[in-house]
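*Asks:* could you work out the structure for the sequence below:
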Amino acid sequence: MMNPLLDFSGLPRFADIRTEHITPAIAQLLNENHALVDRVREDRALPTWHNFVQPMIDANERLSRAWGQVSHLNAVVNNPELREAYNGNLPLVTQYYAELAQDQALFEKFKQLRDGKEFESLSSTRKKIIENELRDFRLGGAELPQEKKARFLQVQEELSALASKFNDNLLDATNNFVLHVENAGDVDGIPNDALTMAKGLAEREGVVGWIFTLHAPSYMPIMQYAESRAVREKMYRAYATRASEIAPPGPVKDGTADLDNAPLIGKILELRQEESRMLGFACYAEVSLATKMASTPQQVLDFLGELATKARPYAERDLAELRQFATDKLQLDKLEAWDLAYASEKLRAERYAFSEQEVKQYLPETSVLPGMFKLVENLYGIAIAPADEAGIQLWHPDIKLFNITGGGGELIGRFYLDLYARAGKRGGGWMDDAISRRRVGTGEPSEQGIQAPVAYLNCNFSGPVVADGQARPALFTHDEVITLFHEFGHGLHHLLTQVEDLGVSGIHGVEWDAVELPSQFMENFCWEWDVLVNMTKHVDAGAPLPRALFDKMLSAKNFQSGLQMLRQIEFALFDIRLHYDFDPGSVKTAQQLLHEIREQVAVVAPPEFNRFPNSFSHIFGGGYAAGYYSYKWAEVLSADAYSLFEESHTGEVINADTGARFRNEILAVGGSRSALESFIAFRGREPMIDALLRHNGMMPA
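*Replies:* The predicted structure follows:
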């Protein structure tokens, strides 16, 4: 029977995949790819797209699809056996790609192709792929002297293993902590849906009371609503010290001494610095920016500095108001870190006469999803429906698969939706590609076809619950709806591409600091009445969101926007400084650098025990190293792009003509041209910061 990881005939066969399939499948694919590379390397014929580039693309896609399924499962249904198989094969996969990037013979063939006669006859898309390949060979160490290549390869393997260990530690530290509460007075203020979930956890553990965890659907309601300051402090301390040398208070399932990420951070930074210097760069930030829109670390620092200067007065005002409210109304003489979300929610409720919990009752999943789908259907002329064909395999019963079709009923793409938090699933929200759009087949065009793209959309929301014997759908906060729209924006970027060559199809080849443009763009629609009213239905009464409540939400849209923006700038500055002018070999630690940055730009100082770097998986366990600024950089692009919808001559933001233009000039082209070219093609000019400031209530009167 065929190994399911080697079956590329259709969708992944998740129900058939077993841990024991992983090593044989990866070994076979690596052997096949090594053999192909040897044949291509030794081929004496002039390199062309069809005899050189295409065979490499085909082989690497098979490996990418198989390994992508393993990586996805490791992120969403993590268990010891799967983790062992993943970590056991990770060095082999890393080594393959690192050796490929260093292969001098392949590098020379790409240069020969770029300088040959065929190059001029290639499409602009294929020319872009070849130029990207040449750049990546240089960044991969292909130009290094032979004696240095082995060490460069070793650095790549060590960095890959350290990133995986960082994420494992964080997931384990998050899963290990539980807070068991038996006193009913200690759960005062916590919303009923969160209590129902906590009660269910306690019942499954065979104990009386409630069990809370550090996963977002459990943690956030406590921080926002729990009247017990002691409970809030316990949860905050546990969350803020995850994967650190400070053991979290309260019961834990396992010891945490071996989960400290601080030593890993130091080693990661040392290896990144070594890598950058081997490549001839002054710092890792320069390596990172070689594939981004921003050109230098100083440009990023100047950008963040300008935003910080504009945001700080608003942040100072936000904090002063919050402190005054806490003193006058909550009798909190000193506003501690575990009081901030609680006091903010109380102030929001008083000032705008509504709470997030009130809005949440109008946002059941059963209304939100159809409403979101209807929006993009109207914007882009597509249709979205559940996939109902036989044989579809999922990795968990909660997962759903949807099809996107065009006006003629043709399949455009598919996406899996994994919305709920659970043990064994990493935190946060993210989109990843399962299959990418490309033209497949050989010979005449009639013998070829288009491979439909497939995406994974992942969130960590509370799931449906059973209360008083009745099943209730999952309820989302408005912030969670924004997160859902964000990830769906990423998904649409991948799924609505029209590019037919893999290297720049969908999200591939898009500059990292522009990849958030479609996702942050989608968030804006969550604040449009015509959108929101059509995706709301009170979970009990069935009525849509009242206009008066929406107006209150709109009034509160920029509530504490100064504090929120400055917090993101703080993280971005920490990231870029770590990889620009920080010496990992000095006595100063990353934690101390963060403290210095906070003294310079922040208005809220977390307590001394806060170990934020130890859980900063974006830059130590993901792909955002020296790139976290991308969220703000792309927010400038997205706000400015959305302003064209706001300026629509029809007076309606949901405008099909502007939507078609956005689809054609931004989503459809993927990475086939520079992000700046795509933005100008859509907007008619270069980006401006004004729309971002206006959307955040920071434009001068």
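*Asks:* quick one: strands adjacent to the longest strand seen in the chain?
*Replies:* If you go by DSSP state E, the chain has its longest strand at strand 411-420. Each strand paired with strand 411-420, and its direction, by DSSP bridges: strand 400-405 (antiparallel), strand 454-461 (parallel).
*Asks:* of those strands, which is nearest Gln470?
*Replies:* strand 454-461 (19.8 Å; C-beta to C-beta). No exception for glycine: its C-beta is placed from N, CA and C like everyone else's.
*Asks:* touching that closest one from outside, list them.
*Replies:* 11, 72, 75-76, 215-217, 413-421, 425, 427-435, 474, 476, 480, 483-484, 487-488, 490-491, 494-495 (C-beta atoms under 8 Å, 6 or more residues apart in numbering).
*Asks:* just after that strand, pick out the following helix or strand.
*Replies:* Sequence-wise, the next helix or strand downstream of strand 454-461 (DSSP states H and E) is strand 465-467.
*Asks:* output the lowest mean pLDDT helix or strand found in the chain.
*Replies:* Least confident helix or strand, the chain: strand 465-467 with a mean of 80, by mean pLDDT, DSSP states H and E.
*Asks:* re earlier: the longest strand of the chain: what's the following helix or strand?
*Replies:* That would be, after strand 411-420 and using DSSP H and E, strand 430-435.
*Asks:* helices of the stretch 1-150 of the chain, start to end?
*Replies:* 19-42, 54-76, 80-102, 104-115, 118-121, 124-139, 146-176 (DSSP state H, counting those that start in this stretch).
*Asks:* between these, which gets nearest to Ala656?
*Replies:* Nearest to Ala656 among the helices of the stretch 1-150 of the chain is helix 124-139; the distance by C-beta to C-beta comes to 26.8 Å.
*Asks:* picking that back up, quick one: average pLDDT of the longest strand of the chain?
*Replies:* If you average the pLDDT over strand 411-420, you get 98.
*Asks:* angle of it against strand 430-435?
*Replies:* 140 degrees (axes from the mean of the first three to the mean of the last three C-alpha atoms, to 10 degrees).
*Asks:* what lies in contact with the least confident helix or strand of the chain?
*Replies:* With C-beta under 8 Å, 6+ apart as the test, strand 465-467 has contacts from Asn192, Asp193, Thr196, Met197, Gly200, Ala471, Arg472.
*Asks:* from these, which has minimum pLDDT?
*Replies:* Among the contacts of strand 465-467, Ala471 has the lowest pLDDT, at 87.
*Asks:* just to be sure, that residue is in a strand?
*Replies:* Yes: assessed by DSSP: H, G, I helix; E, B strand; the rest coil, Ala471 belongs to a strand.
*Asks:* re the thing from before, highest neighbour count among the contacts of strand 465-467?
*Replies:* Highest neighbour count within the contacts of strand 465-467, by other C-beta atoms under 10 Å: Met197, with 23 neighbours.
*Asks:* residues contacting that one?
*Replies:* Pro217, Ser218, Ser462, Val465.
*Asks:* show the buried residues in the residues you listed.
*Replies:* Listed as buried from the contacts of Met197 are Pro217, Ser218, Ser462, Val465; burial here means 16 or more other C-beta atoms under 10 Å.
*Asks:* just the angle between the strand or helix carrying the first one and strand 411-420, please?
*Replies:* When elements are defined using DSSP H and E, Pro217 is found to belong to helix 216-225. Compare the direction of helix 216-225 with that of strand 411-420 by the same axes, to 10 degrees and you get 60 degrees.
*Asks:* which residues does helix 216-225 contact?
*Replies:* Residues contacting helix 216-225 (C-beta under 8 Å, 6+ apart): 189-191, 194, 197-198, 212-213, 231-232, 235-236, 239, 338, 341-342, 344-345, 356-357, 420-421, 427, 460-462.
*Asks:* looks to me like Met372 is in a strand.
*Replies:* No: going by three-state DSSP, the assignment for Met372 is helix, not a strand.
*Asks:* among the helices of the stretch 1-150 of the chain, which is nearest Arg663?
*Replies:* Closest of the helices of the stretch 1-150 of the chain to Arg663 is helix 124-139, at 17.5 Å (criterion: C-beta to C-beta).
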